[in-house]
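[1] Got a sequence here, can you build the structure:
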Amino acid sequence: MVVMAPWAVWFMLVIHPFLRVWANMEGDALHTLRTNLNDPNNVLQSWDPTLVNPCTWFHVTCNNDNSVIRVELYSNNISGIVPTDLGNLTNLVSLDLYLNNFSGEIPDTLGKLTKLRFLRLNNNSLSGPIPQSLTNINALQVLDLSNNNLSGTVPSTGSFSLFTPISFANNPLLCGPGTTRACPGGPPLAPPPPFVPPTQLSSQGSSASSTGAIAGGVAAGAALLFAAPAIAFAWWRRRKPKSISLMYLLKKILKFTWVSSRDSHFGNYKSQPIISATRTSWGEVALARFTRAVLLMGL
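    Numbers count the residues shown, from 1 in each chain. Now for the predicted structure:
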């Protein structure tokens with residue numbers, strides 16, 4: 001005989017019935033959805049109400065706790081109303097019923113789906129107002145109610161403050177924030193920001209770049225214009241002592257060579273004054289010696 005552990009007995013007696021009830025609640029909600037729909041393509045034929053766990057049904061996804069988190073029935077030509085029992089799928093994260101022929105109003109009970117992040121009911125024939133309870137779903141990230149026949153004022157509080165007119169487009173009877181039509185007796189809508197084509201943005205960017213390049217060139221030219229005289233003056237001051245020294249050397253050379261041009265002892269006693277006169281520069285000494293040699297060759 002198999003003896004069960006105490007915790008296993010406790011699980012079977014307490015927890016397991018609760019899970020069956022929870023699974024039945026979700027299964028009942030989905031079965032109600034099926035019974036309210038016209039399914040010409042038989043995409044819901046696997047939704048067998050005799051099965052306790054709806055996680056085996058097609059188009060239904062569950063988490064590790066066997067709780068329904070996704071219902072995906074988009075683009076199946078399904079028609080009918082959205083049942084209020086869907087509000088019992090409290091762990092639902094994504095509800096996708098778009099691109100079908102659903103009609104009637106959006107059930108107010110969907111506001112109980114506090115974990116819902118994706119609600120896509122677009123491209124149907126839904127009518128009536130948008131339930132205010134949907135604004136309480138703080139987890140809601142994606143909302144698409146476009147291309148329906150919804151009417152009334154678009155809520156602007158709670159999570160709905162994050163959504164743009166794209167979420168409500170092509171509902172001619174909607175008005176207020178999130179639409180392009182002001183409600184009768186309500187405040188006027190703020191004008192939308194002007195549309196700037198991408199080509200204009202790029203031309204503005206290139207124009208700004210060209211203007212910056214021109215300004216930079218002008219600034220560089222002006223700086224060079226003011227710096228050129230200073231550079232020239234510094235170069236002249238640096239070269240000026242050498243020019244004076246060279247002229248002084250030439251005068252000394254001419255003086256000594258003129259006086260002693262016929263003296264045979266020019267190289268013995270006349271060279272000493274020249275070297276002493278040009279002691280400040282070895283280049284000038286070399287030039288003096290070269291000049292003396294040229295003069296001697298010509299004598």
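
[2] just the strands in the chain please.
    37-38, 60-62, 68-72, 79-81, 94-96, 101-104, 118-120, 125-128, 142-144, 149-153, 173-175 (DSSP state E).

[3] of all these, which lies closest to Leu51?
    Closest approach to Leu51 among those (CB to CB): strand 60-62, 11.1 Å. (Each C-beta comes from the backbone N, C-alpha and C, glycine too.)

[4] Output the below-cut-off pLDDT ranges for the protein.
    1-24, 52, 190-299 (pLDDT under 70).

[5] Setting aside sequence neighbours, what's the nearest residue to Thr56?
    Ser46 (7.5 Å; CB to CB, 6 or more residues apart in numbering).

[6] Please verify my assumption that the one you found contacts Asp39.
    No. Look at Ser46 against Asp39 with CB atoms under 8 Å: they stay out of range, at 11.3 Å.

[7] between the two, who's got more neighbours?
    Asp39 (16 against 13; other CB atoms under 10 Å).

[8] thinking again about what came up before, export the strands of the chain as a markdown table, with columns for distance to Thr50 and mean neighbour count.
    Formatted as a markdown table, the strands of the chain follow (distance: least, CB to CB, whole Å; neighbours: other CB atoms under 10 Å):
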| stretch | distance to Thr50 | mean neighbour count |
| --- | --- | --- |
| strand 37-38 | 19 | 16 |
| strand 60-62 | 16 | 18 |
| strand 68-72 | 17 | 20 |
| strand 79-81 | 22 | 16 |
| strand 94-96 | 25 | 19 |
| strand 101-104 | 26 | 17 |
| strand 118-120 | 30 | 20 |
| strand 125-128 | 31 | 16 |
| strand 142-144 | 34 | 19 |
| strand 149-153 | 37 | 16 |
| strand 173-175 | 42 | 20 |
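
[9] need those strands in CSV with distance to Ala182, can you?
    Shown next, in CSV, are these (distance: least, CB to CB, whole Å):
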stretch, distance to Ala182
strand 37-38, 37
strand 60-62, 41
strand 68-72, 36
strand 79-81, 31
strand 94-96, 31
strand 101-104, 27
strand 118-120, 26
strand 125-128, 20
strand 142-144, 21
strand 149-153, 10
strand 173-175, 6
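
[10] So for Ser159, which of those strands sits nearest?
    That would be strand 142-144 among the strands of the chain, by CB to CB, at 7.9 Å.

[11] Quick check: neighbours of that closest one in the sheet, parallel or antiparallel?
    Neighbouring strands of strand 142-144 in its sheet, by DSSP bridges, are strand 118-120 (parallel).

[12] sorry, back to before: which among the strands of the chain is found nearest to Phe160?
    Phe160 sits nearest to strand 142-144 of all these, at 7.6 Å, using CB to CB.

[13] Tell me how this structure divides into domains.
    6-175, 221-298 (automatic domain parsing).

[14] Give the residues shared as contacts by Ser46 and Asp39.
    Counting by CB atoms under 8 Å, 6 or more residues apart in numbering, no residue touches both Ser46 and Asp39.

[15] number of nearby residues for Glu105?
    Using other CB under 10 Å, Glu105 has 15 neighbouring residues.

[16] surely it meets Ser125?
    No. With contact defined as CB under 8 Å, Glu105 does not count as touching Ser125 (11.2 Å).

[17] Without its sequence neighbours, what residue ends up closest to Lys112?
    Spatial nearest neighbour of Lys112, chain neighbours left out: Gly87 (4.4 Å); criterion: CB to CB, 6+ apart.

[18] Next, the contact list for the one you found, please.
    Gly87 sits next to Ala29, Pro107, Thr109, Leu110, Gly111, Lys112, Leu113 when contact means CB under 8 Å, 6+ apart.

[19] from those, which two are the most distant?
    The span of those, defined through CB to CB, is set by Ala29 and Gly111 at 15.2 Å.

[20] tally of neighbours for Ile78?
    22.

[21] the more surrounded of Ala29 and Gly111?
    Between Ala29 and Gly111, Ala29 has the larger neighbour count (other CB under 10 Å), namely 22 against 17.
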